[in-house]
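1. Dropping a prediction and its sequence here:
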Amino acid sequence: MNDAQKPAAEIHDQTLHLFGEWRVTQFQAVRAELEALDSDSLAAIQQLETHELDSIDSSAAHELMQFIAPERILSMEAENQPEHHMKLLHAVARALQGNEPPAPRPYRFGDGIAALGKTITQKATHQIEQTNQLLNFIGLVLLRALKIIVLPHRWRVTSFFVHVHQSGLNAIPIVALLTFLVGAVVAFLGATVLSDFGATIYTVDLVAYAFMRELGVLLTAILLAGRTASSYTAQIGAMKVNQEIDALRVQGLDPIELLVVPRLFTLLFMLPLLTLVAMVSGIIGGLVVAVFSLDISVTQFFRIVQEVPIRHLWVGLVKAPLFAAVIAIIGCLEGFKVKGNARSVGQHTTSAVVQAIFIVILFDAIAALFFMEMGW
Amino acid sequence: MRESVIEIRGLRNQFGHHVVHDQLDLTLPRGEILGVVGGSGAGKSVLLRSIVGLQKPASGHIEVLGIDVQKASSRERLALERRTGVLFQSGALFSSMTVVENVAMPLIEHEHLRKSDALELARMKLALVGLPGHAGDLQPAELSGGMVKRAALARSLALEPELLFLDEPTAGLDPIGAAAFDELIVTLRDALGLTVFLVTHDLDTLYQACDRIAVIGEKKILIHDTLSQVASFDHPWVHDYFHGPRGRQAAAVGQQRRSL
C-alpha cells in the first residue's frame, strides 16, 4: 500500500464527500480529517457521497461513526451509492447500534476501604478453601492407597515403573552431583572454622553428621520438589485441560487410583533410595576435600565415618517418606486444580513447587527440633 | 483473468515417509471465497498451514499476495502477515488476556494505535461478528465454543486483512449462528474485497458462502470449480460427499434460499 491515497472528507450541500483510502493503516489521518470538519455542518449532513472513495474498512467506518451516529448513517439515502461501501457502512452501523459501553461507575467515598476489605475477605476465604481442599485430598488419597495395598490385582505396575524411571532413576545424576558439591562446600566451611581450634580432623564428622541427619534428605526433597512436583502438576494439569480427567470419570475410572496412587508410591519408594545416594555422594564430596586439601588419608576418613552412630542415618532416612508424600500429594492436587487453559497450568505448577519446598523445609525444621529434644 | 492472491505450484508436504501432498497446484483469484473440502486426514489443515508459513513444505512453490512465502525476507514476511488473517480451528485466543484485549493486541502492536482507540475498535469488531457487549471483558476460558469462534474471527479481522484463512469456522456453532457466520463472511468479502480461503466440513457453508470449491484427495486437488461442476464430478468420494443424505439436504436448502 505504498501508493495509498490519503483519506479526505469534504462537506457540500449537507452531503459528506469521502475520498481516498479509508483504512486502519491511515487511522490517524482519518481521525484528523474528520476532526477538521465543522461540527455544525456535520450535524446537518443528510447524505453520504462515496463514489470517489477508493476503499473503506471497518476501523475507518467506526471512526466515521464517532462523528455521525450509526442511526443516521442507516437512515441516509443509500441508493445510487456503490453497493460494497454501503454494505460495509451498514454492517458496522448495525453492529454499533445499541452497543454503547456501560458508563463507568463514579467514584464514591469509601470505595478504597471497601475494595481493601473485599480483598482481605477473598484472600482469607481462598486460603481456608485451599487448606480444606488439601486436607480432603490427603484423606481421599490415603483411603484409596490403603484400599489398593490389599488388592494386588489393582496395582498399576507399569505406571509405577514408568514413574520410577522418570522421577527416580533419571534424577540420580543431578542429585549425586549437587550433593557432591554441597558436601565439598561443607567440608571447606568446616575446615576454615575448625582450623582455628586445631581441630581440622572434625571436618569429617561435620560432613558425615550433616549429610546423614539433615542435608542428604533435605537436598533430595528440595530437588524432587522442583523436579517432580512440577512435572506431576503439569502432567495432570494438561490432562485436565484436554478433558482427559473428565473422560476417565465418565468411564467409571477413578483418577485418584490411576494417576495419584502410582505417583505417590513411586516417590515413597524412590525418595529414600535417592536420599541414600545423596548421603553417600555428599560424604564423598567431603572426602575429596579432606584428602586433597586437609591431608586426611582415605582410610582415616572412613574410620571416622564408621564411628558415627547408625541412629543418625535413621534420623535422616525416616523423614524421607514424609517428604515424599508431601511432594506427591501437593504436585497431584495442584494438577487437579488447573482450570481449562494454558496459563492456569503454569500458575499451578509454580504454586506446587513453592508449596512443596515450603512444607518440606517447615517439616524438616519441626523434625530437627523434635529429634533434638528427644536426644536422638 | 483476475489477479491471483494465492498461487501454489507443485507443492509437496511429507512427514517422514508419509506423503500428504504431492504435485499439488492451486490458484485463488482475488475477491473469491474458496471452500476447501476433503476427508479427515486428507491434508486440508496442512495445506492451510503451509500457505501461512507454519509448515515448511518439502518442495514446491507458494506465492501469497505476490510474495514467495519460502524466499521472503523477514521484512516481507511481516508485511505479508499484516495483510492476512487466520482463524484457527480452536480459536487460539490468548488465555492471559480478556477477549477485547485479544482483538486489540494486533492493532496496538502493528498499527501503533493508542490503547483506548485500539480497545474501542476491538469492541466494534466484536459487535461486528455478533458478540454481545459484555463478552469483551470476559476471559477466553469463560466463553462458549461458538463465542470463542466469533472472538477469534474478530481478532483475525483486526488488521483489516485482504486475505482471510478460516479453518473450520462454523464447526461448533449452532445452525442459526453458523448461517449468520456464513452471511457475515460474504458481507465482509463484498465490502472489503476480501479473499477467503475456507477449510470446512459444513455443507451449508459451501452452498451459502463459497464461490468455488476445491476438493483435496489422493494428495492433490481433485477438482477446483464452481459448486455445480464439483457436485457432478465423477469421483466416488466427491459423489458420496455431495450426494449423501446431508449433501442432498444442504443442496435442497441452498436451492430454496437462492430462489427466494
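-> Received, thanks. Numbers count the residues shown, from 1 in each chain, chains lettered A, B, ... in the order given.
2. Quick one: neighbours of residue 237, just the number.
-> Picked chain A for this. By other Cβ atoms under 10 Å in any protein chain shown, 25 other residues sit near residue A:237. The way it works is simple: take the backbone N, C-alpha and C, and place the C-beta from them, glycine included.
3. Can you look at chain B instead?
-> 17.
4. So what sits opposite the closest residue in space to it that isn't next to it in sequence in the bridge?
-> If the residues on either side of it in the chain are set aside, residue B:237 comes closest to residue B:217, at 5.5 Å by Cβ to Cβ, 6 or more residues apart in numbering or on different chains. The residues listed as beta-bridge partners of residue B:217 by DSSP bridges are residue B:220.
5. Now do residue B:217: how many residues are near it, please.
-> When counting by other Cβ under 10 Å, one arrives at 18 neighbours for residue B:217.
6. what do you get for residue A:17?
-> For residue A:17, the number of neighbouring residues by other Cβ under 10 Å comes to 17.
7. looking at this, it is in a strand?
-> Yes. The assignment for residue A:17 (DSSP: H, G, I helix; E, B strand; the rest coil) places it in a strand.
8. wouldn't it be in contact with residue A:7 here?
-> No. Residue A:17 is beyond contact range of residue A:7, at 11.7 Å (criterion: Cβ atoms under 8 Å).
9. Give me the distance between residue B:159 and residue B:107.
-> Shown here: residue B:159 relative to residue B:107, a distance of 7 Å by Cβ to Cβ, to the nearest Å.
10. And for residue A:223?
-> Between residue A:223 and residue B:107 the computed distance is 46 Å (Cβ to Cβ).
11. Please say which of these two ends up with more neighbours.
-> residue B:107 (26 against 18).
12. quick one on the thing from earlier: anything in contact with each of residue B:159 and residue B:107?
-> Shared contacts of residue B:159 and residue B:107, defined by Cβ atoms under 8 Å, 6 or more residues apart in numbering or on different chains, are found at residue A:24.
13. near chain B, which residues of chain A?
-> Remark: the part of chain A in contact with chain B comprises A:23-25, A:27, A:55, A:57-59, A:62, A:83-85, A:87-88, A:91-92, A:95-96, A:99-102, A:339-344, using Cβ under 8 Å from any Cβ of the partner chain.
14. Report the buried members of those residues.
-> Of the members of the residues of chain A next to chain B, the ones counted as buried by neighbours, 16 or more other Cβ atoms under 10 Å in any protein chain shown, are A:23-25, A:27, A:55, A:57-59, A:62, A:84-85, A:87-88, A:91-92, A:95-96, A:99, A:340-341, A:343-344.
15. Around residue A:276, how many other residues sit close by?
-> If you count neighbours by other Cβ under 10 Å, residue A:276 ends up with 16.
16. should've said residue A:249
-> Burial measure for residue A:249: 12 neighbouring residues, criterion other Cβ under 10 Å.
17. Show the contacting residues for it.
-> Residue A:249 makes contact with residue A:255 under the criterion Cβ under 8 Å, 6+ apart.
18. Can you list phi and psi of it for me?
-> Backbone dihedrals for residue A:249, given as degrees, to the nearest 10, come out at phi -60, psi -50.
19. Report how many residues lie close to whatever residue of the stretch 51-200 of chain B ends up closest to chain A.
-> Residue of the stretch 51-200 of chain B nearest chain A, by Cβ to the nearest Cβ: residue B:191 (3.1 Å). Residue B:191 is flanked by 23 other residues according to other Cβ under 10 Å.
20. Which pLDDT value belongs to it?
-> At residue B:191 the predicted local distance difference test score is 72.
21. Next: residue A:338.
-> In the predicted model, residue A:338 carries a pLDDT score of 92.
22. can you check residue A:101 too?
-> Reading off the confidence values, residue A:101 has pLDDT 59.
23. ok, for the closest residue to chain B within the stretch 201-350 of chain A, nearest residue in space, not its chain neighbours?
-> Nearest residue of the stretch 201-350 of chain A to chain B, counting by Cβ to the nearest Cβ: residue A:341, 3.8 Å away. Spatial nearest neighbour of residue A:341, excluding adjacent residues (Cβ to Cβ, 6+ apart): residue B:95 at 3.8 Å.
24. Can you list the buried residues in the strand or helix carrying the residue of the stretch 51-200 of chain B closest to chain A?
-> Under the criterion of DSSP states H and E, residue B:191 resides in helix B:175-192. Judged by neighbour count using 16+ other Cβ under 10 Å, the buried positions of helix B:175-192 are B:177-182, B:184-192.
25. same check, this time on stretch A:145-162
-> Residues of stretch A:145-162 classed as buried under the neighbour-count rule (16+ other Cβ under 10 Å) are A:145, A:148, A:156, A:159-160.
26. And these, which is closest to chain B?
-> Relative to chain B, the closest of the buried residues of stretch A:145-162 is residue A:159; by Cβ to the nearest Cβ it sits at 29.1 Å.
27. Just say helix, strand or coil for residue B:35.
-> strand.
28. And the spatially closest residue to it that is not a sequence neighbour, how far from chain A?
-> What sits nearest to residue B:35 in space, not counting adjacent residues and going by Cβ to Cβ, 6+ apart, is residue B:210, at 3.5 Å. Separation of residue B:210 from chain A (Cβ to the nearest Cβ, to the nearest Å) stands at 19 Å.
29. can you give me the strands for chain B?
-> According to DSSP state E, chain B carries its strands in the segments B:4-15, B:18-29, B:33-38, B:59-64, B:67-68, B:84-87, B:163-167, B:195-199, B:212-217, B:220-225.
30. Serialize those to JSON lines and add fields for mean pLDDT.
-> Written out in JSON lines, the entries for the strands of chain B read as follows (pLDDT from 0 to 100):
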{"stretch": "strand B:4-15", "mean pLDDT": "87"}
{"stretch": "strand B:18-29", "mean pLDDT": "86"}
{"stretch": "strand B:33-38", "mean pLDDT": "88"}
{"stretch": "strand B:59-64", "mean pLDDT": "86"}
{"stretch": "strand B:67-68", "mean pLDDT": "84"}
{"stretch": "strand B:84-87", "mean pLDDT": "88"}
{"stretch": "strand B:163-167", "mean pLDDT": "89"}
{"stretch": "strand B:195-199", "mean pLDDT": "89"}
{"stretch": "strand B:212-217", "mean pLDDT": "87"}
{"stretch": "strand B:220-225", "mean pLDDT": "84"}
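31. Nearest to residue A:273, out of these?
-> strand B:4-15 (40.8 Å; Cβ to Cβ).
32. Now for chain B, the helix or strand with the poorest mean pLDDT.
-> Counting by mean pLDDT, DSSP states H and E, the weakest-scoring helix or strand in chain B turns out to be helix B:245-259, with a mean of 72.
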